[in-house]
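Novice: no sequence on this one, just coordinates:
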């Protein structure tokens with residue numbers, strides 16, 4: 001699975017979702033979906049590397065306020081789709097998770113999908129409608145919103161639960177490089193301390209999310225063409241019987 005990691009100047013947390021083991025003994029196709037941290041750190045050389053990889057679309061999962069702080073441009077060949085996954089204006093939902101500190105932990109993933117399924121449905125629609133070529137999706141650190149999107153896509157593909165969890169936890173390991181310019185490493189320590197108070201860990205809480213996810217509820221919110229595109233990973237995968 002190490003070969004899934006992308007070497008991109010400006011990124012430390014970029015990888016292909018291809019090459020993961022499915023429950024039917026097959027593997028997820030490479031070159032379709034990619035995940036990373038914020039694209040605003042990518043250098044000109046990095047964009048050349050992504051182009052050579054075959055990536056032509058970026059789906060930005062961040063909120064408008066986050067995107068407004070960007071300082072770098074994007075190449076002309078790139079298609080950018082902005083799809084706010086969080087929905088921070090939904091204070092009825094977010095107040096509890098922000099006050100408890102559970103925002104930014106796996107314990108928020110399934111509640112978010114249940115409270116605002118239309119957000120993930122919009123992301124899946126963007127992934128389905130992207131022009132030909134690889135699609136990279138990202139948030140800020142590439143952990144939570146990106147992790148939730150990866151969880152959904154890998155579950156749709158019938159990836160083994162332990163492999164889905166490893167992909168999520170890999171972000172924490174790769175994120176140590178990202179932590180050199182952010183407080184991400186310290187944040188991960190605090191998350192573990194917080195989750196211990198709830199009798200769980202990051203890995204256990206994420207596995208609970210994997211087992212509790214009902215992807216058909218999301219797929220049912222898509223039109224027939226978009227559903228087929230997502231279920232087949234844009235035509236590169238046989239559908240998985242759930």
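Specialist: Everything's here; your move. Here the structure is a predicted model, which is why all the values come from computation and not from measurement. Numbering: from 1, shown residues only.
Novice: For the rest of this, base every contact and every neighbour count on C-alpha atoms.
Specialist: Fine.
Novice: tell me the pLDDT at residue 187?
Specialist: pLDDT, residue 187: 70.
Novice: any low-confidence regions in this structure?
Specialist: 1-2, 173-186, 240-242 (pLDDT under 70).
Novice: can you give me the strands in it?
Specialist: Assigned by DSSP state E, the chain shows strands spanning 15-16, 33-36, 55-60, 79-82, 134-138.
Novice: Tell me the strands beside the last one, with direction?
Specialist: If I follow you right, that is strand 134-138. If you go by DSSP bridges, strand 134-138 pairs up with strand 33-36 (parallel), strand 55-60 (parallel).
Novice: Pick the most deeply packed of these.
Specialist: Burial of these is given as mean neighbour count (mean count of other C-alpha atoms under 10 Å); strand 33-36 ranks first at a mean of 24.
Novice: residues making contact with that strand?
Specialist: The contact list for strand 33-36 (C-alpha atoms under 8 Å, 6 or more residues apart in numbering) reads 11-18, 134-139, 141-142, 146, 150.
Novice: Adding distance to residue 154 as columns, could you present the strands of the chain in TSV?
Specialist: Shown next, in TSV, are the strands of the chain (distance: least, C-alpha to C-alpha, whole Å):
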stretch	distance to residue 154
strand 15-16	12
strand 33-36	10
strand 55-60	17
strand 79-82	21
strand 134-138	14
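Novice: ok, back up a step: and of the strands paired with strand 134-138, who's closest to residue 210?
Specialist: Among the strands paired with strand 134-138, the nearest to residue 210 by C-alpha to C-alpha is strand 33-36 (17.9 Å).
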